[in-house]
Each structure stands twice: as C-alpha cells, then as structure tokens.
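Chemist: okay, here's the prediction I keep looking at, along with the sequence it came from:
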There are 2 protein chains.
Amino acid sequence: MRLLLVEDDPLLVEGLASQLEKAGFSVDVTGTAKAAIILGEQEDYRAGVLDLGLPDGNGLDVLRHWRSNNAHFPVLILTARGDWQDKVNGLKAGADDYLAKPFQAEELIARLHAIVRRSEGRGQSSLRAGRFELDENRQNLKLPDGSEHSLTGTEFRLLRCLMSRPGHVFSKEQLMEQLYNLNESPSDNIIEAYIRRLRKLVGAETITTRRGQGYLFHDAP
Amino acid sequence: MRLLLVEDDPLLVEGLASQLEKAGFSVDVTGTAKAAIILGEQEDYRAGVLDLGLPDGNGLDVLRHWRSNNAHFPVLILTARGDWQDKVNGLKAGADDYLAKPFQAEELIARLHAIVRRSEGRGQSSLRAGRFELDENRQNLKLPDGSEHSLTGTEFRLLRCLMSRPGHVFSKEQLMEQLYNLNESPSDNIIEAYIRRLRKLVGAETITTRRGQGYLFHDAP
DNA sequence: TACCAACCTGAACTCTTCCTGAAAATAACG
DNA sequence: CGTTATTTTCAGGAAGAGTTCAGGTTGGTA
C-alpha cells in the first residue's frame, strides 16, 4: 500500500518512514511542495501525510492541486500544536484528518488506517474474501479452519492488495507498484516467489494465474 | 503502449513525439480529424492526445465519434490557454483530462500515465453482441448459458474487434492490422486459426465467413 | 466438370511466461 | 558480533500461448 509522506524535517522523517514501513506501507518521501504535487498526480498512492510548513510553499496549495487534478487519495495533515486555523483550512481544502505535532507514530498509523478504510468504503479493520479474513492491525490471516497464521511484511502487503478486490485481475506491474516505492525495484520474479508462498497458505486453488495478464484472489468460498 | 497523437502543428509534433516515445509510448501521429477518427476506431490505442483546433474539423467531433463507436481509450485534450469553454465541452464529450497550451512535455506525460492507470483500474466497459458479453477488464467472455470463459490475449483482441461492430464484415487484412503492429507480420493464416478457436467457444453459427471478404460476428440472438 | 483460390482443420513447433526449490543477500535481533 | 528471519535472486523445468504447416473442403468460375 503506497503512501506519500510530505515532510521537510529530516529528523522526523527518518523515524517516521521506518515505522510506517513496519506498518505495511511502502513510503515515498519528499520535502518540497513542487515534488509533492507532481508525485501525487503521477503515482498511485493509497494515502498521503502532508506537513503544512514546507520550504517552497504552503501544504494547502499542494492539497488543492491534488484535489483539482484527480488525485483523490485520502490525506492527513500535520499541524503545529493546537493551530485551529490550519486545521479548519485543511479540512476545507479537502483533507480527511489532521494530527497536531508532536504526536506518537502509533496514533498517526491508526488514523491513516482509518482514513484508508473509509476511502475504500469499509468500516472494519479486517478484510474478508472467500472464507479468509485478513486482520490489518495484527498482520495475520484467519484460515477457513479457524486457525490463524501471522504473515511477514511482504506477504501481508501482497495479500492485502489481492484481497482488496476479490475476483479482480492484478498485473504483476500493478502489484509491483503497490508493494515497492520509487527507490526499490526488485525483479518482478519476486511476485511469483511470493505468490507461491501465499498459495502454500491459502491453497493453490484460491489464487489463480491468468497467463500474460496477472493474478486474482477468488471470491467464492 | 500505443498512443495516438492528433495535432496539426508540425513544429510541436516533432519534439513531442520523440519525448513521448522516450517515455515508453509508441506513437502514431495524424494532423487531420478524418484520419484521427478512422485510426481511433481501427487501431488499439491505450491513450489519445487530441488537439481541438484541426484544419478539417473540430476535435470534439473526433472524440464523439470515438465514444459512439466503441473506441474507449482515455483521451487528453489540448486547449488554448485558459479556454474554459473548451475544457468543459471536452470533459462533457468524454475526455479524461485536459491541458492548456503551452505546456511542459513532462506534465503531459505525467497526466497521460495517470489517465491510463485510471482507465485500467476502473473502466467497467463490457461489450455486448448477440447473447454474448465481453468483459474488457477481466478479458473474459460470458456465454449465453451464463458460464464465463477466460480468453488469451490474442483471442480477446480479435473477439473485441469483431464484437465491437456486430454484423460488420472485417477483412482478414483489417483484422491483421488490429492485432499486430508494423514490426510483427505473421502469415494471415493466423486469423483463420484463431477464428476456429473462437468458433469452438461461441459456436460456429455465430461467426460467419464471407468468402473473399472477411468475417462477421452475428448480432441477433 | 475441372480447376483454382480461399478457407478449414488438427497437430507440431517455437517462444514466452510461469513455477519451483534452493541458495545468496539483506535486515532484524539478541 | 553471531544468529535468525526475511527478502531477493537464480536456474532449470513445465505449461501455455502464438505461429506455422500440410493436407483436406468448399465454392466460384471457365
């Protein structure tokens, strides 16, 4: 699940990015408004975190650019402590949530999960497809026989992508885009390797290959 | 990724085409509305760039022709600087994005990528002919008995062509042009071979041979 | 009716894509 | 710093899709 973090404080970014990645996001970071605008329009993000104080412009302008150019992923804005005005203006400009600095990374992550869920039109923090249930908080999978199995980071992200739209065919390129940020680019055989591991878990019949097109997770039990 | 560039200013075309090709598109260029209409309907583009001011007609008419003839690739229109009316009319006529001249090639490319991705993710176009229904996203075919059958890439492209105009006779040469680009040129017996496979799927009576002229997909149930 | 061209048909062949098991690289952890 | 878990790559093989071929049918035409 790709996320764009717009923040110019390198100290803050360092810790935050790694925590977000641990939480299952693949994160792109930029510290300038200009780059943020371009990335937001060009890449396929599931969420954004936007600091309002940027060296080359106001974060709200970035948000307005996105909103007027069909970049509709949900956005959480970071405001200075208790700055009411920023908060109101942000929500007016189309933000989905806000968080005042300083904050705990856990809270940011929880709120991000919430706005992503809302934007995808579901209220629960678990994803169901067929007779499987994926717990987004604990990164584990409940199998039809009732047992639970914890997943590694990459296993989880791939499975979440597939289970988010059961029956839909995802090309290897699409999956690569969701799993890795702009800095990482492993060979796309990695998808095949992980598909194999997931099949060992959920059964080979649950994930089908459409040769030359991609993979799909089956809906029907 | 094939792209159709409809622009009559040779100066602009020259630079633009090479940049688009550098960005991974294989570009066809035309400067007339008439040719644009034909190309858009016959070739299999993933996206189009359409200048509204053409010597022999209005770009919007081109767009309407495409949309009413099953040419559903996403289209970005180029408008004169800040011309509101053009922009609104364009979006009404079915355009997916617009860009005001003058513009940076980078921005055009970024927007093209965006509309291509959007069209691949969410376009829910399905093509009906007779009692058959072709799902353009999943590349599969719903048969009259309700069952679904997934198609290979070539089967799908050929069937989409035939079903896009039921009752219309397509010559083998036309079909070859649709399926293959200028670099590939298999023997045209390949059409016969694929027609046979499709007939096994939809029934021999659904696709008729017009000896010396071509093939047609029957409309009536 | 005899011939030719267009078309049909089944199977063989080639090439790409995908699968698979394991090993190498990298990151996380104590 | 060594140990373990995880990610990534590699190479061989299997399966599937794309293409060609050879021989059989059909319909038009002289």
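Modeler: Nice, I can see it. Numbers count the residues shown, from 1 in each chain, chains lettered A, B, ... in the order given.
Chemist: buried set for the helix or strand bottoming out on mean pLDDT in chain A?
Modeler: Ranked by mean pLDDT, DSSP states H and E, the helix or strand of chain A with the weakest confidence is helix A:84-92, at a mean of 78. Across helix A:84-92, burial judged by 16 or more other CB atoms under 10 Å in any protein chain shown covers A:86-87, A:89-90. (Each C-beta comes from the backbone N, C-alpha and C, glycine too.)
Chemist: next: stretch A:41-52.
Modeler: Those would be A:41-43, A:45-52, for stretch A:41-52 by 16+ other CB under 10 Å.
Chemist: ok, now stretch A:98-108?
Modeler: Buried residues in stretch A:98-108 (16+ other CB under 10 Å): A:98-99, A:108.
Chemist: dump those into JSON lines; add distance to B:Ala23 as well.
Modeler: As requested, the buried residues of stretch A:98-108 are exported to JSON lines (distance: CB to CB, whole Å):
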{"residue": "A:Tyr98", "distance to B:Ala23": "36"}
{"residue": "A:Leu99", "distance to B:Ala23": "37"}
{"residue": "A:Leu108", "distance to B:Ala23": "35"}
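Chemist: can you tell me which of these are in helices?
Modeler: A:Leu108 (DSSP state H).
Chemist: can I get the buried residues of stretch A:98-108 in CSV including pLDDT and distance to B:Phe132?
Modeler: Output for these, formatted as CSV (pLDDT from 0 to 100; distance: CB to CB, whole Å):
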residue, pLDDT, distance to B:Phe132
A:Tyr98, 85, 51
A:Leu99, 87, 52
A:Leu108, 90, 50
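Chemist: any idea which of the buried residues of stretch A:98-108 is closest to DNA strand C?
Modeler: Taking CB to the nearest atom of the strand as the measure, DNA strand C lies nearest A:Leu108 of the buried residues of stretch A:98-108, at 18.5 Å.
Chemist: my guess is that closest one contacts A:Leu16, does it?
Modeler: Yes: between A:Leu108 and A:Leu16 a contact is recorded at 7.5 Å, counting by CB atoms under 8 Å.
Chemist: beta partners of the residue of chain A found nearest DNA strand C?
Modeler: The nearest approach of chain A to DNA strand C comes at A:Thr209, 3.7 Å away (CB to the nearest atom of the strand). Using DSSP bridges, the beta-bridge partners of A:Thr209 come out as A:Tyr215.
Chemist: what's the spacing between it and A:Tyr194?
Modeler: Plainly put, A:Thr209 is 13 Å away from A:Tyr194 if you go by CB to CB, to the nearest Å.
Chemist: report the contact partners of the nearest residue to A:Ser119 once chain neighbours are set aside.
Modeler: Sequence neighbours aside, A:Pro74 is the residue nearest to A:Ser119 in space, at 4.4 Å (criterion: CB to CB, 6 or more residues apart in numbering or on different chains). Contacts for A:Pro74 were tallied using CB atoms under 8 Å, 6 or more residues apart in numbering or on different chains; they are A:47-48, A:96-97, A:115-116, A:118-119.
Chemist: give me the nearest residue to whichever residue of chain A sits closest to chain B, chain neighbours excluded.
Modeler: Nearest to chain B in chain A, going by CB to the nearest CB, is A:Gln42, at a distance of 4.4 Å. Among residues not flanking A:Gln42 along the chain, B:Ala110 sits closest, at 4.4 Å (CB to CB, 6+ apart).
Chemist: quick one: contacts of the helix or strand where the one you found lies?
Modeler: B:Ala110 is part of helix B:105-122, with elements assigned from DSSP states H and E. Contacts to helix B:105-122, defined as CB under 8 Å, 6+ apart, come from residues A:38, A:41-42, A:44, A:70, B:1, B:3, B:15-16, B:19-20, B:23, B:25, B:46-47, B:49, B:72-76, B:96-97, B:99.
Chemist: in helices only, show me the residues you listed.
Modeler: Short answer: these in helices (DSSP H) are A:38, A:41-42, B:15-16, B:19-20.
Chemist: and the two most separated of those?
Modeler: A:Glu41 and B:Gly15 (22.2 Å; CB to CB).
Chemist: domain map for chain A?
Modeler: A:2-119, A:126-217 (automatic domain parsing).
Chemist: any idea which helix or strand carries the most far-flung residue of chain A relative to its centre?
Modeler: Going by CA atoms, centre = their mean, the residue of chain A most distant from its centre is A:Asp145, 29.0 Å out. Using DSSP H and E, A:Asp145 is not contained in any helix or strand.
Chemist: just to revisit the earlier point, neighbour count winner among A:Thr209 and A:Tyr194?
Modeler: A:Tyr194 (18 against 14; other CB atoms under 10 Å in any protein chain shown).
Chemist: per-residue pLDDT, the residue nearest to the more buried one when sequence neighbours are not counted?
Modeler: Nearest non-adjacent residue to A:Tyr194, counting by CB to CB, 6+ apart: A:Leu158, 5.2 Å away. Looking at A:Leu158, its pLDDT is 97.
Chemist: A:Leu158: neighbour count?
Modeler: A:Leu158: 24 neighbours (other CB under 10 Å).
Chemist: so which elements touch the helix or strand harbouring it?
Modeler: Assigned by DSSP H and E, A:Leu158 belongs to helix A:153-164. For helix A:153-164, the packing partners by 3 or more CB pairs under 8 Å, 6 or more residues apart in numbering or on different chains; DSSP states H and E come out as strand A:126-129, strand A:132-135, helix A:172-179, helix A:189-202, strand A:214-217.
Chemist: which ones among the contacts of helix B:105-122 lie within strands?
Modeler: Among the contacts of helix B:105-122, the members found in strands (DSSP state E) are B:3, B:47, B:49, B:75-76, B:97, B:99.
Chemist: give me the nearest residue to A:Phe25, chain neighbours excluded.
Modeler: Nearest to A:Phe25 is A:Leu3, by CB to CB, 6+ apart, at 4.2 Å.
Chemist: circling back to that earlier point, do I have it right that the residue of chain A closest to DNA strand C meets A:Tyr215?
Modeler: Yes: the criterion here is CB under 8 Å, and A:Thr209 meets it with A:Tyr215 at 5.9 Å.
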